[in-house]
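Colleague: Give me coordinates for this.
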Amino acid sequence: MRNSEPIEYKGIKYPGAYIDLGSSIGYRQISVQSLADELAKDGLHEEEPPEAVTATDDQIAYYVTDEEFLFPVDEVRKIVRKAYGEEEPPSVYTQKTIREMKKGELFRFKESDTAPVWVRGDYVPEAKKFSTYKYDDVNHEHLFKGDTKGFIGFTF
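Modeller: Modelled structure (predicted):
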């Protein structure tokens, strides 16, 4: 979600954001219900609403409640997807233990696109653990037991 400039209507600034819903929906601009309420007071639901109302309303794809706007981005996405009748996209991640991964396989410890990417290294017999290191920093090595789980199958 990218915050956009506040949406100004009658001198009052209402929060707005562009949210990437992916799938067939794509980007949508959202705002808060208090803006929708003000637009409705000014004839949003009339046959021919005032031009200022339509100009403001036409740029907003969906209104969430003022409280929902403050939720984490993933929660807001779920709310808007549900409103559009679209299911949550299936997770691309598959969970495996480090023991099951092949040497050089990329994985993450969290099921998140922003989590650091790790590389499975060699088995270290002396420690009875597997060497792993961050993809971006080969000097950042950690040893983990073979039953430690990671997520694979993402696009990197």
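
Colleague: Could you say which helix or strand holds V53?
Modeller: Secondary structure from DSSP states H and E places V53 in helix 51-57.

Colleague: Let's see that helix as PDB, backbone CA atoms only.
Modeller: The C-alpha trace of helix 51-57 is given here as PDB (Å, rounded to 0.1, in the frame of the first residue of the first chain):
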ATOM      1  CA  GLU A  51     -19.700  18.200 -10.000                       C
ATOM      2  CA  ALA A  52     -17.400  18.600  -7.000                       C
ATOM      3  CA  VAL A  53     -18.800  15.500  -5.500                       C
ATOM      4  CA  THR A  54     -18.500  13.400  -8.600                       C
ATOM      5  CA  ALA A  55     -15.000  14.700  -9.300                       C
ATOM      6  CA  THR A  56     -13.900  13.600  -5.800                       C
ATOM      7  CA  ASP A  57     -15.800  10.300  -5.700                       C
END
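
Colleague: all helices for this protein, in order.
Modeller: For the chain, the helices defined by DSSP state H cover 33-41, 51-57, 73-83.

Colleague: possible to save those helices as TSV with mean neighbour count?
Modeller: Heads up, the C-betas are built off the backbone N, CA and C, glycines and all. As requested, those are exported to TSV (neighbours: other CB atoms under 10 Å):
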stretch	mean neighbour count
helix 33-41	17
helix 51-57	15
helix 73-83	15
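
Colleague: okay, those helices in JSON lines with mean pLDDT and distance to T132 next?
Modeller: Output for the helices of the chain, formatted as JSON lines (pLDDT from 0 to 100; distance: least, CB to CB, whole Å):
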{"stretch": "helix 33-41", "mean pLDDT": "92", "distance to T132": "46"}
{"stretch": "helix 51-57", "mean pLDDT": "88", "distance to T132": "51"}
{"stretch": "helix 73-83", "mean pLDDT": "84", "distance to T132": "27"}
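
Colleague: which stretch among these comes nearest L21?
Modeller: Nearest of the helices of the chain to L21, taken as CB to CB: helix 73-83 at 5.8 Å.
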